[in-house]
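this one's sequence-less:
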Ligand SMILES: *Cc1c(COP(=O)(O)O)cnc(C)c1O
């Protein structure tokens with residue numbers, strides 16, 4: 001299957017030219033990512049209006065629309081694959097994964113069933129085995145690949161709900177929640193918004209929970225855990241979305257285990273701590289849980305979108321995700337749709353496999369440690385410049401404040417407008433803060449220094465504007 005310029009080709013000439021064109025644009029994009037504004041400027045955003053036309057009557061040359069995508073779309077993207085994007089908890093793209101994704105795009109496989117794609121089924125199985133090893137999980141743990149942690153949390157909570165009700169002789173798949181016995185949901189008060197979304201989608205109620213107080217870092221207080229029983233689901237967190245703090249899994253899982261309660265770990269970006277020996281103290285005890293959700297598109301820097309559900313109780317997950325029809329052809333091999341809410345979906349295993357294989361265990365550890373080291377550098381350098389660091393920087397998250405809330409907010413506004421870098425904001429202990437999330441393998445110490453300079457300049461300008469306002 002090697003290509004040879006003299007060989008006859010079955011590639012339609014326009015497709016070959018199109019892929020070549022896309023390839024050139026992609027390289028052009030990647031080549032300019034470090035020099036362009038991290039957040040697009042207003043004039044490039046205004047040009048997006050050119051997309052806003054009525055549904056065309058006539059067809060358009062693919063080469064023309066690609067040119068429009070690159071000419072109008074590329075400049076108005078957010079440069080999150082460069083080294084100075086620190087918004088939300090996103091993540092860059094590993095080269096191996098991007099290359100693999102391009103090939104998989106040509107395959108266009110649907111991994112719902114083995115008979116639809118033996119290749120992707122095999123890769124999913126390999127990813128399952130590798131992640132079981134990386135996270136030190138029981139051999140029979142099941143893996144499902146979904147869009148992100150929002151859905152993988154949904155899967156974990158659905159499996160827990162079904163199991164806790166099954167123990168009370170209630171078949172929730174058949175009978176729903178009408179007249180069902182009660183189960184308990186125990187959640188840390190700083191659980192992520194998507195946890196509450198999963199609870200509401202699954203009929204468990206986002207307000208009908210037992211909230212466990214958190215300490216000043218946002219960790220669930222193990223001593224404040226209510227007495228658990230075998231009707232309880234406890235949802236814990238590996239990586240608080242603001243502070244990066246980890247719940248005390250060992251204590252929580254021990255209490256839960258002796259009560260036969262179910263523990264889910266929302267480890268969207270933090271579960272990867274389990275892949276680094278220097279960060280594994282944060283992960284201690286997490287492998288005793290019953291289900292785990294984690295994103296490959298965050299810390300691991302696989303492309304969007306790639307969420308992962310892992311469940312110790314294989315049959316329970318399969319039963320919670322069940323769907324069948326007479327036309328479905330099950331196999332002796334892995335049928336991916338057994339483990340996800342979706343039937344058709346993207347071949348995410350290709351990128352996940354490529355990312356894991358290209359990094360290897362050592363590379364995963366190095367990546368995690370590199371992100372954490374950059375976060376430490378931020379904390380040290382910003383402190384030296386008179387910023388306040390409000391969290392213990394245990395992972396990749398840094399919460400930054402100026403001397404007073406007004407100055408923090410005005411500084412953040414200038415940072416966001418600078419084009420030099422991009423950070424989001426949040427409320428932390430009832431104060432506005434600037435939130436740095438180091439998520440890209442591309443971020444270097446130089447990027448940290450350049451960003452710290454932007455923080456300093458943004459604060460100077462904010463200060464000047466505020467004093468002028470006071471004077472007026
Ligand atoms: C990002 C995140 C989620 C949601 O994940 P998506 O992949 O965006 O759906 C859930 N929990 C935590 C802690 C997160 O950081």
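It's in. Bear in mind the structure is a predicted one, so any value in this text is a computation, not a measurement.

which strand residues bridge the closest residue to the ligand within the stretch 301-450 of the chain?
Nearest residue of the stretch 301-450 of the chain to the ligand: residue 307, at 5.2 Å (Cβ to the nearest ligand atom). Backbone N, C-alpha and C define where each C-beta goes, glycine included. Per DSSP bridges, residues listed as beta-bridge partners of residue 307: residue 146, residue 295.

state the distance from it to residue 287.
Counting by Cβ to Cβ, to the nearest Å, the separation of residue 307 from residue 287 is 19 Å.

between those two, who's got more neighbours?
For residue 307 and residue 287, the more surrounded residue by other Cβ atoms under 10 Å is residue 307, and the numbers stand at 26 against 19.

got the phi/psi numbers for residue 263?
Main-chain dihedrals, residue 263, degrees, to the nearest 10: phi -110, psi 130.

ok, now residue 404?
According to degrees, to the nearest 10, residue 404 has phi -150, psi 160.

please apply the same query to residue 142.
Dihedral pair for residue 142: phi -100, psi 140, per degrees, to the nearest 10.

could you report the neighbour count for it?
24.

before we move on, what about the one 3 residues further on?
Using other Cβ under 10 Å as the criterion, residue 145 is surrounded by 29 other residues.

kindly report the same for residue 461.
By other Cβ under 10 Å, the residues close to residue 461 number 16.

do you know how far it is from residue 454?
Distance from residue 461 to residue 454, by Cβ to Cβ: 11 Å.

go on, residue 201?
Residue 201 is 40 Å from residue 454, by Cβ to Cβ.

show me which of these two is the more surrounded one.
Between residue 201 and residue 454, counting by other Cβ under 10 Å, residue 454 is the more crowded of the two (21 against 16).

what's the nearest residue to the more buried one if we skip its chain neighbours?
Once flanking residues are discounted, residue 454 sits nearest to residue 420: 4.3 Å by Cβ to Cβ, 6 or more residues apart in numbering.

ok, residue 356 next?
residue 130 (5.5 Å).

tell me if I'm right that the one you found and residue 359 touch.
No - contact criterion Cβ atoms under 8 Å: residue 130 and residue 359 do not qualify, at 10.8 Å.

between these two, who's got more neighbours?
residue 359 (20 against 17).

what packs against the one helix or strand residue 456 maps to?
Assigned by DSSP states H and E, residue 456 belongs to helix 445-471. Helices and strands touching helix 445-471, by 3 or more Cβ pairs under 8 Å, 6 or more residues apart in numbering; DSSP states H and E, are helix 348-384, helix 405-418.

please redo it, this time with the cut-off set to 10 Å
Applying 3 or more Cβ pairs under 10 Å, 6 or more residues apart in numbering; DSSP states H and E, we find helix 445-471 packed against helix 348-384, helix 405-418, strand 431-437.

and that helix with strand 431-437, angle?
160 degrees (axes from the mean of the first three to the mean of the last three Cα atoms, to 10 degrees).

confirm for me that the residue of the stretch 301-450 of the chain closest to the ligand is in contact with residue 297.
Yes - here residue 307 reaches residue 297: they are 7.5 Å apart, a contact under Cβ atoms under 10 Å.

and the stretch 151-300 of the chain, which of its residues are near the ligand?
192, 194, 239, 241, 266, 268-269, 295 (Cβ under 6 Å from any ligand atom).

ok, those residues vs residue 253, which is closest?
Nearest to residue 253 out of those is residue 266 (Cβ to Cβ; 14.2 Å).

just give the nearest non-adjacent residue to the residue of the chain found nearest the ligand, would you?
Relative to the ligand, the nearest point of the chain is residue 148 (2.5 Å; Cβ to the nearest ligand atom). In this structure, residue 148 finds its nearest non-sequential neighbour in residue 307, 3.9 Å apart by Cβ to Cβ, 6+ apart.

pull up the gap between that neighbour and residue 229, please.
30 Å.

swap in residue 97?
Distance from residue 97 to residue 229, by Cβ to Cβ: 43 Å.

who has more neighbours, those two?
residue 97 (28 against 12).

helices or strands next to the one helix or strand the more buried one maps to in the packing?
Secondary structure assigned from DSSP H and E places residue 97 in helix 95-107. If you count contacts as 3+ Cβ pairs under 10 Å, 6+ apart, helix 95-107 packs onto helix 13-32, helix 118-134, helix 348-384.

now it, how far from the chain's geometric center?
A distance of 19 Å separates the centroid of the chain from that of helix 95-107, by Cα atoms, centre = their mean, to the nearest Å.

that one vs helix 13-32, what angle?
Computed by the same axes, to 10 degrees, the angle between helix 95-107 and helix 13-32 is 160 degrees.

and for helix 95-107, what are the contacting residues?
Helix 95-107 is touched from outside by 15, 19, 22-23, 26, 30, 81, 92-94, 117, 119-120, 123, 296-297, 300-304, 306, 346-359, 363, 441, with contacts defined as Cβ atoms under 10 Å, 6 or more residues apart in numbering.

okay, buried residues for it please.
Using 16 or more other Cβ atoms under 10 Å as the test for burial, helix 95-107 gives 96-98, 100-101, 104.

would TSV of those residues with distance to the ligand and pLDDT be doable?
Formatted as TSV, the buried residues of helix 95-107 follow (distance: Cβ to the nearest ligand atom, whole Å; pLDDT from 0 to 100):
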residue	distance to the ligand	pLDDT
96	21	98
97	16	98
98	19	98
100	20	98
101	17	98
104	20	98
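
pipe those into TSV and attach distance to residue 205 per row.
Converted to TSV, the buried residues of helix 95-107 look like this (distance: Cβ to Cβ, whole Å):
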residue	distance to residue 205
96	43
97	38
98	41
100	41
101	39
104	39
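
residues of the stretch 301-450 of the chain that sit close to the ligand?
residue 307.

distance from stretch 322-329 to the middle of the chain?
Per Cα atoms, centre = their mean, the centroid offset for stretch 322-329 relative to its chain is 30 Å.

overlap of the contact sets of residue 461 and residue 454?
411, 414, 418.

for the last one, which non-adjacent residue is spatially closest?
Pointing back at residue 418 there. Nearest non-adjacent residue to residue 418 (Cβ to Cβ, 6+ apart): residue 454, at 5.2 Å.

what does residue 351 give?
residue 97 (4.4 Å).

would you mind measuring from that neighbour to residue 77?
Taking Cβ to Cβ, one finds residue 97 at 18 Å from residue 77.

count the neighbours of the residue of the chain closest to the ligand for me.
Residue 148: 19 surrounding residues under other Cβ under 10 Å.

tell me who's in contact with it.
Applying Cβ under 10 Å, 6+ apart, the residues near residue 148 are 194, 268, 293, 295-298, 304-308.
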